[in-house]
Structures are given as structure tokens and as C-alpha cells.
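Chemist: I would like to see how this sequence folds:
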Amino acid sequence: MTTSRQKGSGIRPKRNGLRRVHRWLGTIAALFVLILSATGIALNHSSDWDLDSRYVSSGWLLDAYGFRAPEIGASFVDRGYRVTLLGGRLYLGEREIAEGVDVLTGLVALDPLLLVTSRQQVLLFTVEGDLVERMSVPSDLQGPVERAGRAGNQAVIAAAGRNYGTDSDVSRFVPLEIPNPTEIDWSVRSAPPASLVNRLKEQYRGRGLSIGRVIADVHSGRVIGILGPFLMDAVAILLIVLSLSGLLLWLRPRGGRRT
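Modeler: Numbers count the residues shown, from 1 in each chain. Sure, this is the predicted structure:
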């Protein structure tokens, strides 16, 4: 009788101790389960909710990710229209109109079109900034585009030491012989106002970090750096321990002996 009680009294403290451990582990794990569940649902619906095309605007989070806007590459003005290159992104005024642009070399306003040139591309836009055509260096040209300008109402492109004029549709470039080269009004670089530079840099940073990436990093733990994945591994181990301790509590007898 006394021995049975002693055995029972020994089992109960162990069982209570296991309950306390299980309860604390469960409390800690619950927070991570909520985070993993919420971010997992968001990732499953990433395309439905356009998470990869929606961007973070929080300054501290952009700073934490190390997003910095580069310096202005080049800027040109012609007939009241300004194009500016910032980190491969091309802006008409404050509107982003193209990506993947290399070295900007010129702008010619040909109402109702804008002809923009880089070393490796010729781009046509409406005056509102809608892309009409984007061409790699046309085969009509003998090398990278060096600059662009205007002779009368005709756009002129310089490439490999020669001048080329456009046809009426701006679809072909033909060698152009101009007796007096000074008649060509070449576009020249123009420093944009500081206020515009600040707005473009702010906009550039705002397009650098998608909500989808942040959610994926939170889900994997990478949001807190290189130790994040190890933390999530620890959480996974915690959930395993929690599951095993719960199973033990369920399997062990409630009294000092099985009935």
C-alpha cells in the first residue's frame, strides 16, 4: 500500500513536469506556427494577390535590406520632354517607361513620338511615355549608337563615325550626307533638377523590394539574416519535440498504474 503510493507520487511530479515543459514549448511554438501559416497562405496566393508586383515603401525596411538608389546615369531634354536614366531604368519626367537600358546617348522629340537612344538600343515612345517599339542596334547601323539629334524635322543618329537619318516611320536608318554637319542639332546631356533626382531615387527604391520577397524571407527566416534559416530549423525541431511530448502525455497512464 505504502509502496504503491510512493510509486504513484513519483510518477505524478514527473508527469506534471512534462506538462509544464509541454505547455511552455507549445506557447513558444504557437507564435511561429501562426507566422508560418500566415506566410504560407500568402505564398500560395502570391500570383492571385500580385505580391511580386507590389512593393514595399517603408524606409526602414528598405534600409534593412540595403536598397540604395544609384546615381543618375544621364539625362536629356528636348522640346520640353526630359528622359533620365537611373540604374538601368528609364524615366520620362517622373514616369518609369522602360527597364534594361544601358548607356543613354540621346533624345529627339518627333511629335507625336519620342526617339530615345542608348549605346545598344533605339526606343520609340509616345509623348505620354507608352512604348511603341524597342530595337536592338539596327542592322542598318555599323556600330553602337554614339548620339542622336535632329536635322530639320528628321532624326539623326551617329554610329561608328557616320550619320544616319530615319525614314518617315522611324523604322529604317539610311546613311545621311549633310554638307554642313553644324546643321545637326545634337542632343546634349542636361543635369536634372535636384528635386526631380530625389523623387526618382525615392521611386527607384520603392520598386526594389517586392512584398512577395519579404513574405518569402519571413517564411524561411532569411528576413533576419544568415542565422534565420537556422532559427527556423530550431523551430522545426521544437515542433517535433512538442509533438513527441504530447504523444507521451497521451500514452502515459493518468494514475499510478494502468487499469
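Chemist: Quick one: low-confidence residue ranges for the chain.
Modeler: 1-19, 21-29, 168, 179-181, 208, 222-225, 228, 245, 248-249, 252-259 (pLDDT under 70).
Chemist: If we use 90, what do you get?
Modeler: 1-70, 110-112, 135-143, 151-155, 160-163, 165-184, 201-259 (pLDDT under 90).
Chemist: those strands in the stretch 101-250 of the chain, which residues are they?
Modeler: When secondary structure is read from DSSP state E, counting those that start in this stretch, the stretch 101-250 of the chain shows strands at 104-110, 113-118, 121-126, 131-136, 145-151, 154-159, 162-166, 173-175, 185-186.
Chemist: In a markdown table: those, plus distance to Arg54 and mean neighbour count.
Modeler: In this view, the C-beta of every residue, glycine as well, is placed from N, C-alpha and C. As requested, the strands of the stretch 101-250 of the chain are arranged in a markdown table below (distance: least, Cβ to Cβ, whole Å; neighbours: other Cβ atoms under 10 Å):
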| stretch | distance to Arg54 | mean neighbour count |
| --- | --- | --- |
| strand 104-110 | 28 | 23 |
| strand 113-118 | 28 | 24 |
| strand 121-126 | 25 | 20 |
| strand 131-136 | 22 | 13 |
| strand 145-151 | 35 | 21 |
| strand 154-159 | 38 | 23 |
| strand 162-166 | 39 | 19 |
| strand 173-175 | 40 | 14 |
| strand 185-186 | 41 | 14 |
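Chemist: Out of those, the one nearest Pro192 is which?
Modeler: Using Cβ to Cβ as the measure, strand 104-110 is the one of the strands of the stretch 101-250 of the chain that comes nearest Pro192, at 12.1 Å.
Chemist: Tell me what angle the closest one forms with strand 162-166.
Modeler: Put simply, strand 104-110 runs at 40 degrees to strand 162-166, going by axes from the mean of the first three to the mean of the last three Cα atoms, to 10 degrees.
Chemist: What pairs with strand 104-110, parallel or antiparallel?
Modeler: If you go by DSSP bridges, strand 104-110 pairs up with strand 113-118 (antiparallel).
Chemist: who's in contact with the partner strand?
Modeler: With contact meaning Cβ atoms under 8 Å, 6 or more residues apart in numbering, strand 113-118 is reached by 81, 83, 85, 90, 92, 101-109, 122-127, 132, 145, 147-148, 155, 157, 166, 170.
Chemist: ok, now with 7 Å
Modeler: For strand 113-118, the external contacting residues (Cβ atoms under 7 Å, 6 or more residues apart in numbering) are 81, 83, 90, 101-108, 122-127, 132, 145, 148, 155, 157, 170.
Chemist: Confirm for me that Leu110 is in contact with Val156.
Modeler: No - under the criterion of Cβ atoms under 7 Å, Leu110 is not in contact with Val156, lying 11.2 Å apart.
Chemist: can I get the strands of the stretch 101-250 of the chain in TSV with distance to Gly66?
Modeler: Formatted as TSV, the entries for the strands of the stretch 101-250 of the chain read as follows, by distance: least, Cβ to Cβ, whole Å:
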stretch	distance to Gly66
strand 104-110	26
strand 113-118	27
strand 121-126	29
strand 131-136	31
strand 145-151	34
strand 154-159	38
strand 162-166	43
strand 173-175	42
strand 185-186	39
